[in-house]
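Participant: Compute the structure for the input listed below.
(chains A, B and C)
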Amino acid sequence: MRYERTFGDIPGYPEGSCFGTRLELSQAGLHRPMVAGISGSGRIGANSVVLAGGYEDTEDFGDEILYTGHGGRDPETGRQVAHQTLTRGNLALACNKLYGLPVRVIRGARQRSPYAPEAGYRYDGLYSVDEYWREVGKAGFYIWRFRLVKMAVSGPR
DNA sequence: TCCATGCGCGGCC
DNA sequence: GGCCGCGCAGTGG
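Facilitator: Here you go, the predicted model:
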């Protein structure tokens, strides 16, 4: 697995590719972490993100996504019980905006949106991180919010 | 070292 | 049958 090869499309898995579980996504190289929704680091940026309904503040408009950063959740209930900080995956997504890096978007069936697959997970192509900011989420705690915008498909390189 | 948008099972309505 | 809470498994950033 070459690190520098982890941004952008993955050969053999075009947009629209479907998967049953996070394990399959990981093995395909589209999104390696088995649990985390954001893959990447604050140093190099985020390779991929998963929309799977884990955060109530995430909004899905198809070609535009308001993605919620991670952190501040109660491990038991999944509810926001604390403020999020601009660290780890959140910092990685901020890095994508800074350097103009694309991020792979995968939608899971648990995401409540008309754009989510009926079952399993689906790779929905590359998005750019247009902007990000901090705001108060539904639970009353600060969350980091990222505006992801679908990138035009430029065809084979 | 810790954290992370799983997964399956059993109980309840 | 669907929803929800709980507990456990296990990999990668």
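Participant: Figure out how far the helix of greatest length in chain A is from the centre of its chain.
Facilitator: In chain A, ranked by residue count with DSSP state H as the criterion, the top helix is helix A:88-99. When distances are taken as Cα atoms, centre = their mean, to the nearest Å, helix A:88-99 is centred 11 Å away from the chain's centroid.
Participant: what about it and DNA strand B, touching?
Facilitator: Yes - when contact is scored as Cβ under 7 Å from any atom of the strand, part of helix A:88-99 falls within range of DNA strand B: A:88-89. In this view, the C-beta of every residue, glycine as well, is placed from N, C-alpha and C.
Participant: Just the buried positions in that helix, please.
Facilitator: A:88-97 (16 or more other Cβ atoms under 10 Å).
Participant: Can I get those in a markdown table including distance to A:A139 and pLDDT?
Facilitator: Converted to a markdown table, these look like this (distance: Cβ to Cβ, whole Å; pLDDT from 0 to 100):
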| residue | distance to A:A139 | pLDDT |
| --- | --- | --- |
| A:R88 | 20 | 95 |
| A:G89 | 19 | 96 |
| A:N90 | 17 | 97 |
| A:L91 | 22 | 98 |
| A:A92 | 23 | 98 |
| A:L93 | 20 | 98 |
| A:A94 | 22 | 98 |
| A:C95 | 26 | 97 |
| A:N96 | 26 | 98 |
| A:K97 | 25 | 97 |
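Participant: Please name every helix or strand in contact with the longest helix of chain A.
Facilitator: Helix A:88-99 sits against strand A:38-41, strand A:45-51, strand A:102-108, strand A:121-136, strand A:142-150, with contacts defined as 3 or more Cβ pairs under 8 Å, 6 or more residues apart in numbering; DSSP states H and E.
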